[in-house]
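Novice: model the following, please.
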Amino acid sequence: MRIFNLFKRSHVKCPRCQGKGFVDWDDIRRLNRQLKWVPAPCAYCDATGKVEKEMLSKVAVDCMYLTIDLPESVIEKIKEGDEETIEKGKQRELFVDHLIQYAEHHYLTQNMDAESIATLYLNTEAEKANFSVTKEELIKYIQGVINLKKSTLN
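Specialist: Alright, predicted model coming up:
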């Protein structure tokens, strides 16, 4: 019976969802992924609560781009360490970080509301962005940035 255990891969409790199979708001705050993730089944462990030990050295637990809404083929590329896919994820994270900083700056220094910031962004920054968003999505997202900033200031 031991011979079969040699071929069995070693699994550990998923460090992203802490074995629940679902990433909740507590996990999102713990991993500092507010404004970047929403509660959902865990993409790191495929909602099983367990990951192979090797996964821990291949993919960062807080890898922003590894989310459940990606096509399975992209998820597998990330987990396999595909450099092009990982670079695309890094570019996406830089885009989101820039958008958060942009919204925070205009909210704090110009006292602008979400709609005004979105309009300004679309008129001045959207051409340079690697990713596109609709005005409605942008307003909603910027409102989330503002709400989070308000809660941290209080």
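Novice: next secondary structure after the helix or strand of the chain with the lowest mean pLDDT?
Specialist: For the chain, scoring each helix and strand by mean pLDDT, DSSP states H and E identifies helix 2-7 as the least confident one, at a mean of 50. Once the chain leaves helix 2-7, the next helix or strand it forms, by DSSP states H and E, is strand 11-13.
Novice: next, the distance between the ends of stretch 27-37.
Specialist: 10 Å (C-alpha to C-alpha, to the nearest Å).
Novice: now that stretch: average pLDDT?
Specialist: Stretch 27-37 shows an average pLDDT of 94 in the prediction.
Novice: identify all contacting residues around it.
Specialist: 16-18, 23, 38-39, 61-62, 64, 67, 93, 96, 100, 141, 144-145, 148 (C-beta atoms under 8 Å, 6 or more residues apart in numbering). Quick note: C-beta positions are derived from backbone N, CA and C, even for glycine.
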